[in-house]
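In: structure here, sequence nowhere to be found:
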């Protein structure tokens, strides 16, 4: 039965070629992983030097490592004689199916990357975006978390933020407060203006430069409207705005200056 069995031929025809292929496949895999580590570390250093967000650096590094490792595995399998053509086609089809199924998620992911790279706002900024407003607590890959003034948490998909207008109220160190105060036509305009100016000059939170504007903005139907526009530090915006409303109302009351409110006169004609 074993008379025609040639051990040397088996070794030369099967063991040696398979051994070489396995050795080469292992070499490709080991050297490939070493090269992948070098590429990923280089990308991480470049992104760190460019001051890219650490979360984005970790995410990009993980994706890059997984993609490169997939190529190395395919190369190793090809060295073993495995037909990788159908395998690559299967991966492509699976990737397309997953991409279509996760279309909205991919949009949120892409928007999250853009938000982290271009930084239209940072953690701690007070913004208006995606139909909501609040202080930014976290910028994630897929969603951004805001905290409202009444301590509610709002989670907005990044796609909704990046596809619309973003108002960053904390982007500048200073802000202008735009207010309108109306007085009656029978009241003294000069006195009312001086009262407003005195209140502005007495508040140390209101900046001297740029100069606050106090001017008659409109002769309305039932009132003379003053446009009052002082400049303050962004962190003082709401405090000064609330205080100004209260102080000017009380000062007008003390001076006998009226603040008109909408009224309707009803005339009734009596007939026999």
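Out: On my side now, so go ahead. No experiment lies behind these values; they were computed from the predicted model shown. Residues are numbered from 1 along each chain as shown.

In: next, the buried residues of the helix or strand where residue 246 lies.
Out: Residue 246 belongs to helix 237-255 when assigned by DSSP states H and E. With burial defined by 16 or more other Cβ atoms under 10 Å, the residues of helix 237-255 counted as buried are 237, 240, 244, 247-248, 252. Where C-beta positions appear, they are placed from N, C-alpha and C, glycine not excepted.

In: likewise for stretch 32-44?
Out: Within stretch 32-44, the residues that count as buried by 16+ other Cβ under 10 Å are 32, 36, 40, 44.

In: the closest residue to the first one other than its chain neighbours in helix, strand or coil?
Out: If you skip the residues right next to it in sequence, residue 32 has residue 72 as its closest partner in space, 3.3 Å away by Cβ to Cβ, 6 or more residues apart in numbering. State at residue 72, reduced to three classes by DSSP: H, G, I helix; E, B strand; the rest coil: helix.

In: count of neighbours near residue 72?
Out: By other Cβ atoms under 10 Å, 17 other residues sit near residue 72.

In: returning to that earlier point: other SSEs contacting the helix holding residue 246?
Out: strand 179-183, helix 189-202 (3 or more Cβ pairs under 8 Å, 6 or more residues apart in numbering; DSSP states H and E).

In: most neighbours per residue, which of these?
Out: The highest mean neighbour count among the helices and strands packed on helix 237-255, using mean count of other Cβ atoms under 10 Å, belongs to strand 179-183: a mean of 18.

In: got a list of contacts for that strand?
Out: For strand 179-183, the external contacting residues (Cβ atoms under 8 Å, 6 or more residues apart in numbering) are 189, 192, 196, 217, 220, 222-229, 241, 244-245, 248, 252, 257-260.

In: now do 10 Å
Out: For strand 179-183, the surrounding residues in contact (Cβ atoms under 10 Å, 6 or more residues apart in numbering) are 189, 191-193, 195-196, 214, 216-218, 220, 222-230, 241, 244-245, 248-249, 252, 257-261.

In: in its sheet, what does that strand sit against?
Out: Using DSSP bridges, strand 179-183 pairs in its sheet with strand 224-229 (antiparallel).

In: quick one: average pLDDT of the strand it pairs with?
Out: Mean pLDDT, strand 224-229: 96.

In: gap between residue 234 and residue 168?
Out: The gap separating residue 234 from residue 168 is 10 Å, by Cβ to Cβ, to the nearest Å.

In: overlap in contacts, those two.
Out: Common contact partners of residue 234 and residue 168 (Cβ under 10 Å, 6+ apart): 125-126.

In: so what's residue 191 up against?
Out: Contacts for residue 191 were tallied using Cβ under 10 Å, 6+ apart; they are 183, 252, 255-257.

In: ok, so of those, who is nearest residue 269?
Out: Lowest distance from residue 269 to the contacts of residue 191 (Cβ to Cβ) belongs to residue 183, with 33.2 Å.

In: residue 43 touches residue 64, doesn't it?
Out: Yes: in this structure, residue 43 is within contact of residue 64 by Cβ atoms under 10 Å, at 6.2 Å.

In: can you tell me the element the residue nearest the centre of the chain falls in?
Out: With distances taken as Cα atoms, centre = their mean, residue 115 lies nearest the centre of the chain, 4.8 Å away. Secondary structure assignment for residue 115, by DSSP H and E: helix 103-118.

In: mind listing what's buried in that helix?
Out: So for helix 103-118, counting by 16+ other Cβ under 10 Å, buried means 107-109, 111-113, 115-116.

In: what's the angle between the longest helix anywhere in the chain and helix 103-118?
Out: As assigned by DSSP state H, the longest helix anywhere in the chain is helix 16-49. Helix 16-49 runs at 50 degrees relative to helix 103-118, counting by axes from the mean of the first three to the mean of the last three Cα atoms, to 10 degrees.
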